[in-house]
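In: okay, predicted coordinates and the sequence, questions at the end:
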Amino acid sequence: MPVFIKRFQKACLGFIIACLFASCSVQKKAGGDHRADTVLQQVMIESSSQYKLLMKIRPENKLPRTFEKNKLLTTGSDGWVSGFYPGTLFYLYQFSHDSILLKEGLSVLNLLKKEQFNKGTHDLGFMMYCSFGNAAKVLQSSAYDTILINSAKSLSSRFNPAVGCIRSWNSDSSHFLVIIDNMMNLELLMYAFRQTNDSSFYKIAVTHANTSLKNHFRGDHSSYHVIDYNPNNGVVQKKHTHQGAADESAWARGQAWGLYGYTMMYRETGDNKYLQQAIYIANFILNHPNLPKDKIPYWDFNAPGIPAAYRDVSAAAIISSALLELSEYVSLRDKKKYRNDAITILQNLSRPPYKTIGDEAGGFLLQHSVGHLPNKSEIDVPLSYADYYYVEAILRYLGKLEIKMNP
Ligand code: GLY
């Protein structure tokens, strides 16, 4: 399609969405979310079409990761982001019941299956629970339980009782590295516990969450990215960053993983200290003086050059999904605040410059995320996990994904 037609389409869509959301704000003041529902339902319809475009350019045996310089970049099944593409397809199917999306999601699961025995990574929660776990949820099927339980066993093999954590990154034997992102992998263990009643999964998840609660957070409730433990006695050797701006900075996605992770652990255990931690993190994020007006964070809350720093749309998407869940567990006053802030994020993500149109980014839904800035990789690009948590948040907002306390 000629570029000028694309530009015209984009300008029109931006205008229509802005008008719909403008009338939505008026409507909301009058007490309803009717227009936001309409817009986000429309976004879901368009998202299914966009993922069908992504499907068409996906090379066999590879999974979408990002889109740069007009080119789709992919991952193999052993990459940490491998589960997000099928997971998003299952979420889109949940909304649309479009069998083309389901068929593609199921065929991709065949690629991922072998990772159930991968003991070389802590990312199995992302890889296997976001994919097979979503298939189980959306299809209400126990057909994936063996794979999910094997994956949980592989993840558990990385637990060190002297440290009280699951090892994140492999390193030499004098270091035991744990990153805040690892909180997200615990959901897989909690699923395996529910299906098997094997309390070792539960104990590992809770011990990891407790150790991280003790060591990963600062006085202001922001989190470090990496904790380096002594593998023999669990003594903290160093607190530092890998993907953030500085050791003492608050890397935006790390704060998002912590918020989502502790909210999920409250859902799975009913332990109030996890709820309290999630509330602390939410308030750190939402009250931060460097959070922009549109609530799409800079890639690091202490990024050099703010306000000329890159935003991280992936962090915003994770935060909006987590806030929608957290809003279910808190007082009425906080419920309103967290829900409204989540909706503000979703509204802003759903229009330019963040939302893409058609195949302008190969079919990815959102742009302007940051993967690893210090490494100079995936800067200001679409990312598969930004799409995943965006679609999850919309489903949560629309009441199409059940969120229920599990203990
Ligand atoms: N888990 C890696 C990241 O958030 O980039």
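Out: Nice, thanks for sending it over.
In: show me what contacts the closest residue to the ligand within the chain?
Out: Closest contact between the chain and the ligand, by C-beta to the nearest ligand atom, is at Asp181 (3.8 Å). All C-beta atoms are positioned from the backbone trio N, CA, C, and that covers glycine. Residues near Asp181 by C-beta atoms under 8 Å, 6 or more residues apart in numbering: 168, 253-254, 257.
In: show me which of those neighbour the ligand.
Out: Among those, proximity to the ligand is found for Arg253 (C-beta under 6 Å from any ligand atom).
In: count of residues packed around Asn232?
Out: Neighbour count for Asn232, taken as other C-beta atoms under 10 Å: 12.
In: now it, what's its secondary structure?
Out: Following DSSP: H, G, I helix; E, B strand; the rest coil, we place Asn232 in the coil state.
In: surely it and Asn160 touch.
Out: No: in this structure, Asn232 is not within contact of Asn160 by C-beta atoms under 8 Å, at 9.2 Å.
In: packing partners of the one helix or strand Gln42 maps to?
Out: Element membership for Gln42, per DSSP states H and E: helix 34-57. Counting by 3 or more C-beta pairs under 8 Å, 6 or more residues apart in numbering; DSSP states H and E, the packing neighbours recorded for helix 34-57 are helix 3-29, helix 84-96, helix 99-112, helix 332-349, helix 384-397.
In: and those, which one's lowest on average pLDDT?
Out: Here the helices and strands packed on helix 34-57 differ in mean pLDDT, and the lowest is helix 3-29 at a mean of 48.
In: rewinding a little: between whichever helix or strand comes after the helix holding Gln42 and helix 34-57, how many degrees?
Out: As assigned by DSSP H and E, the chain's next helix or strand after helix 34-57 is strand 63-68. Interaxial angle, strand 63-68 versus helix 34-57 (axes from the mean of the first three to the mean of the last three C-alpha atoms, to 10 degrees): 100 degrees.
In: number the chain from 889, please
Out: Okay, residue one is now 889; in that scheme the one you just asked about reads as strand 951-956.
In: list the contacts of strand 951-956.
Out: For strand 951-956, the surrounding residues in contact (C-beta under 8 Å, 6+ apart) are 942, 946, 960-965, 967, 969-970, 973-974, 996, 999, 1249-1252, 1259, 1266, 1269-1272.
In: next one: stretch 993-1002
Out: Residues outside stretch 993-1002 that contact it (C-beta under 8 Å, 6+ apart) are 949, 951, 965, 970-971, 973-974, 977-978, 981, 1015-1016, 1019-1020, 1023, 1032, 1035.
In: hmm, which of those residues are the buried ones?
Out: Neighbour counting with 16 or more other C-beta atoms under 10 Å marks 951, 965, 970-971, 973-974, 977-978, 981, 1015-1016, 1019-1020, 1023, 1032, 1035 as buried within the contacts of stretch 993-1002.
In: quick one: the strands in the stretch 1089-1238 of the chain, in order.
Out: For the stretch 1089-1238 of the chain, the strands defined by DSSP state E, counting those that start in this stretch occupy 1114-1117, 1124-1128.
In: partner strands of the first one, parallel or antiparallel?
Out: Applying DSSP bridges, strand 1114-1117 is found paired with strand 1064-1067 (antiparallel), strand 1124-1128 (antiparallel).
In: on that earlier part again, out of the contacts of strand 951-956, who's near the ligand?
Out: Restricting these to those adjacent to the ligand (criterion: C-beta under 6 Å from any ligand atom) gives Gly1259.
In: quick check on the contacts of strand 951-956: which are buried?
Out: 942, 946, 960-963, 965, 967, 969-970, 973-974, 996, 999, 1249-1252, 1259, 1266, 1269-1272.
In: flag every residue of the stretch 939-1088 of the chain that's near the ligand.
Out: 968, 1069.
In: equivalent analysis for the stretch 1089-1238 of the chain, please.
Out: So the stretch 1089-1238 of the chain meets the ligand at 1131, 1141 (C-beta under 6 Å from any ligand atom).
In: ok, which stretches of the stretch 1089-1238 of the chain are helices?
Out: Secondary structure of the stretch 1089-1238 of the chain, counting by DSSP state H, counting those that start in this stretch: helices at 1140-1157, 1160-1174, 1201-1214, 1220-1237.
In: Lys1223 touches Ser1215, doesn't it?
Out: Yes: between Lys1223 and Ser1215 there is a contact at 4.7 Å, judged by C-beta under 8 Å.
In: which one's more surrounded, the two?
Out: Neighbour totals were compared for Lys1223 and Ser1215, and Ser1215 leads with 23 against 14 (other C-beta under 10 Å).
In: pull out the buried residues from stretch 1157-1165.
Out: By 16+ other C-beta under 10 Å, the buried positions in stretch 1157-1165 come out as 1157, 1159, 1162-1163, 1165.
In: number of residues surrounding Lys959?
Out: 10.
In: helix or strand: which one has the closest residue in space to Thr1084 that isn't next to it in sequence?
Out: Nearest non-adjacent residue to Thr1084, counting by C-beta to C-beta, 6 or more residues apart in numbering: Ile1037, 6.1 Å away. Using DSSP H and E, Ile1037 falls within helix 1033-1044.
In: for Ser1045, phi and psi?
Out: The phi/psi pair for Ser1045 (degrees, to the nearest 10) reads phi -70, psi -10.
In: isn't it right next to Asn1006, touching?
Out: No: using C-beta under 8 Å, Ser1045 is not in contact with Asn1006; the gap is 10.2 Å.
In: circling back: can I get the strands of the stretch 1089-1238 of the chain in a markdown table with mean neighbour count and mean pLDDT?
Out: Shown next, in a markdown table, are the strands of the stretch 1089-1238 of the chain (neighbours: other C-beta atoms under 10 Å; pLDDT from 0 to 100):
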| stretch | mean neighbour count | mean pLDDT |
| --- | --- | --- |
| strand 1114-1117 | 22 | 98 |
| strand 1124-1128 | 15 | 98 |
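In: point out where the chain drops to low pLDDT.
Out: Residue ranges of the chain with pLDDT under 70: 889-920.
In: redo that, cut-off 80
Out: By pLDDT under 80, the low-scoring segments of the chain are 889-923, 1295.
In: circling back to that earlier point, what about the residue nearest to Thr1084, how many neighbours?
Out: Using other C-beta under 10 Å, Ile1037 is surrounded by 19 other residues.
In: how about the contacts made by it?
Out: 1080, 1083-1084.
In: of those, which belong to helices?
Out: Among the contacts of Ile1037, DSSP state H puts 1080, 1083-1084 in helices.
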